[in-house]
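S.K.: Below are the sequence and a predicted model for it; my questions follow.
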Amino acid sequence: MNKKFLLAWLAVFVIWMLGSFVVHGLILGDAYAQLPELYRTEAETESLFPLMLLAHVIMAGAFVWIYSRGIEERAWLPQGLRFGVAVALLALVPTYIMYYVVQPLPGTMVVQQIIFDAILVLLLGVLVAYLYRERAGEVAAARAL
């Protein structure tokens, strides 16, 4: 673990928390409120907020760790987008589909969750690729030797 990794972890954590608040608090908040039988009350959610922070710390660390191990000698922007797509297809899309299967969620809500969270993960992929952009050049230089 080096300084770049820790900085990227912190940046991804902060942006993921903010992005999740925008997606789930602002954009989809009213839709969730219309399903009180499926979701916790605001007071219950607030009492469990430390667990939300922990979850985002874990996700951000894993996100950066996986990206930092798979850097190739390619342009950073396409790598970041490709990584975001891979994470969305591995985690977000199947998870929301499975939630839809076991919970009586409106299909339009699930589609919105997938789309908005996928956009967020694509942006996070671009962010981590940007923060590691010199590393891609180092990989290319090392392979040229």
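M.R.: Okay, I see it. Residues are numbered from 1 along each chain as shown.
S.K.: Helix or strand for Leu105, just tell me which one.
M.R.: Here Leu105, judged by DSSP states H and E, is contained in no helix and no strand.
S.K.: what about the residue nearest to His24 when sequence neighbours are not counted, distance to Leu38?
M.R.: Excluding the flanking residues, the one nearest His24 by Cβ to Cβ, 6 or more residues apart in numbering is Tyr32, at 7.3 Å. Glycine gets a C-beta too; all of them are placed from N, C-alpha and C. Distance, Tyr32 to Leu38, by Cβ to Cβ, to the nearest Å: 8 Å.
S.K.: Gln103 now?
M.R.: Noted for Gln103: a distance of 6 Å to Leu38, by Cβ to Cβ.
S.K.: Likewise for Pro104?
M.R.: Taking Cβ to Cβ, one finds Pro104 at 7 Å from Leu38.
S.K.: before we move on, back to that, so where does the residue nearest to His24 fall, helix or strand?
M.R.: Going by DSSP H and E, Tyr32 is part of helix 29-33.
S.K.: averaged over its residues, what pLDDT does that helix have?
M.R.: If you average the pLDDT over helix 29-33, you get 94.
S.K.: residues near the closest residue to Ala31 other than its chain neighbours, how many?
M.R.: Once flanking residues are discounted, Ala31 sits nearest to Met109: 5.1 Å by Cβ to Cβ, 6+ apart. As a burial measure, Met109 scores 17 neighbours (other Cβ atoms under 10 Å).
S.K.: who has more neighbours, Tyr32 and Leu38?
M.R.: The neighbour comparison of Tyr32 against Leu38 (other Cβ under 10 Å) goes to Tyr32, with 18 against 11.
S.K.: My guess is the residue nearest to Ala31 contacts Gly29. True?
M.R.: No. In this structure, Met109 is not within contact of Gly29 by Cβ atoms under 8 Å, at 11.4 Å.
S.K.: who's in contact with the longest helix anywhere in the chain?
M.R.: Secondary structure of the chain per DSSP state H: the longest helix is helix 107-131. With Cβ atoms under 8 Å, 6 or more residues apart in numbering as the test, helix 107-131 has contacts from 4, 7-8, 11-12, 15-16, 19-20, 23, 27-28, 31, 63-64, 67-68, 76-77, 79-85, 87-88, 92-93, 96-97, 99-100, 136.
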